[in-house]
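J.: coords please:
(2 chains)
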There are 2 protein chains.
Amino acid sequence: ANDVLRVDKRGIEALQYGSVKGLPDLREVIVNELLAPKGIDAGPENILITSGGLEGINLLCQVFIDPGDVILVESPTFVHCVEIFEMFQAKCISVAMDEHGMVPEDLEEKIRRFSPKVVYVIPTFHNPTGRTLSLERRMKIAELGSRYDVLILEDDPYRDIRYSGEDLKPIRAFDRTGHTVLANSFSKIFSPGSRLGYVLASERVIEKLLDAKTATNSHTSMLPQVLCAEFFKRGYYPAHHRMICDLYRERRDAMIESIDRHFPVGTKRTFPDGGLFTWAELPGDVNTTELLAEATSDPEVKVAFVAGEGFFIEGGGMGKNCMRLSFGAVPPEKIRIGAERLGRFLKKKV
Amino acid sequence: ANDVLRVDKRGIEALQYGSVKGLPDLREVIVNELLAPKGIDAGPENILITSGGLEGINLLCQVFIDPGDVILVESPTFVHCVEIFEMFQAKCISVAMDEHGMVPEDLEEKIRRFSPKVVYVIPTFHNPTGRTLSLERRMKIAELGSRYDVLILEDDPYRDIRYSGEDLKPIRAFDRTGHTVLANSFSKIFSPGSRLGYVLASERVIEKLLDAKTATNSHTSMLPQVLCAEFFKRGYYPAHHRMICDLYRERRDAMIESIDRHFPVGTKRTFPDGGLFTWAELPGDVNTTELLAEATSDPEVKVAFVAGEGFFIEGGGMGKNCMRLSFGAVPPEKIRIGAERLGRFLKKKV
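T.: I've put the predicted structure just below:
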């Protein structure tokens, strides 16, 4: 930080008012180092820097969502985004998912039936399930957005945290009509506390988002923007990227092995090729919300997870036998101990 | 920055996710060093850190404003806030102002007539006029908020940039019912590019704002929060505060003297006891919007100001003979040269 601010004399820039769109060299970094390698042809004029990935989604709602508008979401989906959608009084309707992500046939049917404004999709290492949308479905969803004139909101914060499997192009790479808006974040690849994210969209959409951004907080904080831009420009990202992928891969492997070894027979779990979560479906008639209270208070267990029910907007007990397990922040040995304890506890319950 | 992040080991905190409310020690700083000396009795639980002062206003609209709600504003007022209010589809109605700020009699009449949700007021070194609301009116407006159950939104970013006159307590200091919400900013006293501000409100209001903040951008960027908290805790603020006040006082004095010396006979101008602006009313039937185009393109003048008309929501030519002159960013010798050139130009026009 000292080096950037004093030696490189970017301190004044970091402390002064900046552009609503965001720091020019950070937008260049995004275009050249994060988007071009993913097959996305865009210029800095297509980028708006936001205060974290969620802000991009908030701004998009600000601009496009009127009360009563329909937003299609995956089942299950990321609850915090549903909270944003509901704050704008949108009506969320869920689209079926299988192990390859959102099901395009169900999506098309629901687009016809509900004329949604937006389709919200987390294609890569989905939160909460860890699933990844297949290449064919990515192409298909981009095409449905264009055909039915619906905005596809592609929320892709985990994309670059891949440990195995083949890298897939974002939905945005297959969009020829500007219907796909990509919201992304530096939280997973640079720093969460910096609150840096970006939106990639057509210039027409960016212009509208700029007005909303101006009226939300003028522009994103300059200090983290300057540091993040320099972090990439000085070439620190590739080594850091390898380091975090190695770190998280080991944790994922520990989590998956431990679930397979210790969880009750009949448990299904996803195998995430990246990201921070796996999703387990327990056998029998259990309620993970109730189990959570017990598991965290029982001194023999003391392990937390996120109960599955909250990720389904349908209600009616959907996902009540499911749980999201996070492995990102815990060292492998703790994951092994925790999963063993939790498994022992679950075996008594199912 | 290096010192704070490395030596004091606050680097990890600055890069990790933080609390929605904001950094605890920054909230302590606000309560103890910025609010208590102004006669405001509040705890850290009454503070929400925001991404600049405008974000607090945005969040308040998010929570309280439904389409069609009325917001009362000063005449003239700060245009960017009107843009926020209009984004939330509020109806802005203006309240008369004189040299002592918003006129309470007109305010009360309009509260009765329009049942507004919010009264938006910039009490100290008002933007664009530089005027300051008198002590009696501060007490009166706090009382009107309580009596008619209306939120008073007190936007006070220039308060601590005072060069002359007596310090006045904020409206919030006279509020006994939690109807006044104070939005403030670190832009003028620490750094604009950091995008740091805060809202002070009752716990009931803060709870609601927290939900909106979570759904807007999770929390404010940690890096500037950590640096700003340390800036105050290490005692750098008093000397910095004196330095900027001395700097701007000299600029204000140069601006006022130059206007009095060079502007056309019959020009009225405000005398701002602080802040960054003065407001001039030109004699005769002139249109400052047209004059601005000429003044900036004429190689003999090349001086910019902000035309008055845009600050009035009433339209119909209100303020068309007025201009806002900013002295904050310009050294005194340039202010003198610029005001002399502009004055010579204006004398030819009126």
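J.: is chain B contacted by the helix or strand encompassing residue A:323?
T.: Residue A:323 belongs to strand A:322-326 when assigned by DSSP states H and E. No. Interface with chain B: strand A:322-326 contributes nothing (Cβ under 8 Å from any Cβ of the partner chain), its closest point being 13.0 Å away. Heads up, the C-betas are built off the backbone N, CA and C, glycines and all.
J.: nearest residue to residue A:335 in space, please, no chain neighbours.
T.: Distances taken as Cβ to Cβ, 6 or more residues apart in numbering or on different chains place residue A:254 nearest to residue A:335, at 4.4 Å, with adjacent residues excluded.
J.: do residue A:125 as well
T.: In this structure, residue A:125 finds its nearest non-sequential neighbour in residue A:275, 2.7 Å apart by Cβ to Cβ, 6+ apart.
J.: roughly how far apart are the one you found and residue B:244?
T.: 46 Å (Cβ to Cβ, to the nearest Å).
J.: ditto for residue A:151
T.: Remark: distance between residue A:151 and residue B:244 (Cβ to Cβ) = 45 Å.
J.: more crowded one of those two?
T.: For the pair residue A:151 and residue B:244, the greater number of neighbours falls to residue A:151 (21 against 15), based on other Cβ atoms under 10 Å in any protein chain shown.
J.: in contact with the more buried one, which residues?
T.: A:60, A:64, A:117, A:118, A:119, A:145, A:179, A:180, A:181 (Cβ atoms under 8 Å, 6 or more residues apart in numbering or on different chains).
J.: tell me which of these fall in helices.
T.: The members of the contacts of residue A:151 that map onto helices under DSSP state H are A:60, A:64, A:145.
J.: burial of the last one, as a residue count?
T.: For residue A:145, the neighbour count with other Cβ under 10 Å is 26.
J.: need the pLDDT of it.
T.: The model reports residue A:145 with a pLDDT of 98.
J.: that older thread, is the residue nearest to residue A:335 in a helix, a strand, or coil?
T.: At residue A:254 the chain is in helix, as set by DSSP: H, G, I helix; E, B strand; the rest coil.
J.: next one: the one 10 residues further on
T.: Using three-state DSSP, the secondary structure recorded for residue A:264 is coil.
J.: now the strands for the stretch 201-350 of chain A?
T.: A:268-269, A:277-281, A:306-307, A:322-326 (DSSP state E, counting those that start in this stretch).
J.: of all these, which one is nearest residue A:36?
T.: strand A:277-281 (28.1 Å; Cβ to Cβ).
J.: direction included, what does the closest one pair against?
T.: Sheet pairing of strand A:277-281 (DSSP bridges) gives strand A:268-269 (antiparallel), strand A:322-326 (antiparallel).
J.: could you dump those to CSV with mean pLDDT and mean neighbour count?
T.: CSV is the format used below for the strands paired with strand A:277-281 (pLDDT from 0 to 100; neighbours: other Cβ atoms under 10 Å in any protein chain shown):
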stretch, mean pLDDT, mean neighbour count
strand A:268-269, 98, 17
strand A:322-326, 97, 24
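J.: make a markdown table out of those and add distance to residue B:32.
T.: A markdown table is the format used below for the strands paired with strand A:277-281 (distance: least, Cβ to Cβ, whole Å):
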| stretch | distance to residue B:32 |
| --- | --- |
| strand A:268-269 | 50 |
| strand A:322-326 | 37 |
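J.: tell me the domain boundaries of chain A?
T.: Residue ranges for the domains of chain A, per automatic domain parsing: A:2-235, A:239-349.
J.: without its sequence neighbours, what residue ends up closest to the residue of the stretch 1-150 of chain A found nearest chain B?
T.: Of all residues in the stretch 1-150 of chain A, residue A:2 sits closest to chain B, at 3.1 Å by Cβ to the nearest Cβ. Once flanking residues are discounted, residue A:2 sits nearest to residue B:2: 3.1 Å by Cβ to Cβ, 6+ apart.
J.: identify the residues contacting that neighbour.
T.: A:1, A:2, A:3.
J.: just to check, residue A:277 is in contact with residue A:322?
T.: No. Using Cβ atoms under 8 Å, residue A:277 is not in contact with residue A:322, being 11.7 Å away.
J.: report the separation between the residue of chain A most remote from its centre and residue B:218.
T.: Distance from the C-alpha centroid of chain A, by Cα atoms, centre = their mean, peaks at residue A:7 (35.6 Å). Plainly put, residue A:7 is 32 Å away from residue B:218 if you go by Cβ to Cβ.
J.: also residue A:54?
T.: From residue A:54 across to residue B:218, the span is 6 Å (Cβ to Cβ).
J.: pLDDT below threshold where in the stretch 201-350 of chain A?
T.: Flagging of the stretch 201-350 of chain A using pLDDT under 70 yields an empty set of residue ranges.
J.: just the helices in it please.
T.: All helices of the stretch 201-350 of chain A, identified by DSSP state H, counting those that start in this stretch, fall at A:203-217, A:222-233, A:237-262, A:288-297, A:332-349.
J.: mind exporting stretch A:282-299 as CSV, just the C-alpha atoms?
T.: What follows is stretch A:282-299, C-alpha atoms only, in CSV (Å, rounded to 0.1, in the frame of the first residue of the first chain):
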residue,chain,number,x,y,z
LEU,A,282,-29.7,-36.2,3.7
PRO,A,283,-31.7,-39.4,3.5
GLY,A,284,-35.0,-39.8,5.3
ASP,A,285,-37.4,-37.2,6.8
VAL,A,286,-35.0,-34.8,8.6
ASN,A,287,-35.2,-31.1,9.2
THR,A,288,-31.8,-29.5,8.9
THR,A,289,-33.0,-26.2,10.5
GLU,A,290,-33.8,-28.2,13.7
LEU,A,291,-30.6,-30.2,13.3
LEU,A,292,-28.5,-27.1,13.1
ALA,A,293,-29.7,-25.8,16.5
GLU,A,294,-28.7,-29.1,18.0
ALA,A,295,-25.5,-29.5,16.1
THR,A,296,-24.1,-26.1,17.1
SER,A,297,-25.2,-26.4,20.8
ASP,A,298,-24.2,-30.0,21.4
PRO,A,299,-20.7,-29.8,22.9
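J.: what is the end-to-end distance of stretch A:185-204?
T.: Stretch A:185-204 has its terminal residues 22 Å apart, counting by Cα to Cα, to the nearest Å.
J.: in that stretch, what's buried?
T.: Neighbour-count burial for stretch A:185-204, counted by 16 or more other Cβ atoms under 10 Å in any protein chain shown, picks out A:185-202.
J.: quick one: stretch A:326-340 to chain centroid distance?
T.: 21 Å (Cα atoms, centre = their mean, to the nearest Å).
J.: can you check stretch A:289-301 too?
T.: Mean-position distance between stretch A:289-301 and its chain equals 28 Å (Cα atoms, centre = their mean).
J.: report the buried residues of that stretch.
T.: A:291, A:292, A:295, A:301.
J.: between those residues, which is closest to chain B?
T.: The closest of those, once distances to chain B are taken by Cβ to the nearest Cβ, is residue A:292, at 21.2 Å.
J.: what's the burial count for the residue nearest to that closest one when sequence neighbours are not counted?
T.: With Cβ to Cβ, 6+ apart as the criterion, residue A:292 has its nearest non-adjacent residue at 5.1 Å, and that residue is residue A:307. Using other Cβ under 10 Å, residue A:307 has 19 neighbouring residues.
J.: OK, contacts around residue A:307?
T.: Contacts of residue A:307 (Cβ under 8 Å, 6+ apart): A:288, A:289, A:291, A:292, A:320, A:322, A:323.
J.: one more time with 7 Å
T.: Going by Cβ atoms under 7 Å, 6 or more residues apart in numbering or on different chains, residue A:307 touches A:288, A:289, A:292, A:323.
J.: same question, residue A:296
T.: Taking Cβ under 7 Å, 6+ apart, one finds A:302, A:304 in contact with residue A:296.
J.: so how far is residue A:331 from it?
T.: From residue A:296 to residue A:331 the distance is 20 Å (Cβ to Cβ).
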